[in-house]
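S.K.: return atomic coordinates for the entry below.
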Amino acid sequence: MTSATEKPFVEKVNTRYLETLVGYNARRAALAVISLFLEEMAVYELRPVDFSALSLITHNPGITSRQLCSTLGIQAPNIVAMVNGFEKRGLIERHAHPRDGRAFGLMLTAEGEALMLQAEKTASSLEARVATKLTAPERRDMIRLLKKIYK
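M.R.: Numbering: from 1, shown residues only. Down below sits the predicted model:
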């Protein structure tokens with residue numbers, strides 16, 4: 001017991017309550033992965049959101065900015081700046097949308113394709129290293145369970 005003048009000192013931090021929360025655990029896992037992701041993607045000058053957007057463009061040629069916004073949960077002004085940056089870097093091109101005169105389809109350039117081929121290989125390698133503590137079924141289950149929260 002401490003006296004009125006003594007201040008308590010914590011030897012070991014008690015995180016029991018926090019560890020019962022999905023959000024806390026998801027955030028801790030995300031932070032562990034994101035810090036490694038940032039290091040590995042620095043060579044490509046890609047943040048996680050940039051990688052996600054370019055991956056969607058890679059696998060969905062002609063996707064619109066509006067579709068990127070809704071799929072990634074990004075505000076329109078942020079996607080505009082991002083797409084403009086990709087275009088300035090020579091990674092994407094805009095093409096007139098065949099059915100919507102106000103929209104543009106986004107497609108990778110040859111330079112964008114080369115960058116994403118390497119970036120996705122790097123991401124896959126990183127995922128494999130991060131998931132070494134999980135069995136393949138555990139990894140599938142974790143992804144399935146996380147999707148239940150946000151889909």
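S.K.: show me the shaky parts of this protein.
M.R.: 1-4 (pLDDT under 70).
S.K.: so what's the residue nearest the centre of the chain up against?
M.R.: Central residue of the chain (CA atoms, centre = their mean): residue 48, 4.0 Å from the mean position. Contact analysis of residue 48 by CB atoms under 8 Å, 6 or more residues apart in numbering lists 34, 37-38, 41. Where C-beta positions appear, they are placed from N, C-alpha and C, glycine not excepted.
S.K.: make a PyMOL selection of the buried ones in those.
M.R.: In PyMOL, a selection of the buried entries from the contacts of residue 48 looks like this (16 or more other CB atoms under 10 Å):
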select buried, resi 37+41
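S.K.: before we move on, the earlier item: distance of the residue nearest to the centre of the chain from residue 91?
M.R.: Counting by CB to CB, to the nearest Å, the gap from residue 48 to residue 91 is 16 Å.
S.K.: same check, this time on residue 12
M.R.: In terms of CB to CB, residue 12 sits 48 Å off from residue 91.
S.K.: kindly report the same for residue 67.
M.R.: 18 Å.
S.K.: ok, now residue 141?
M.R.: In terms of CB to CB, residue 141 sits 35 Å off from residue 91.
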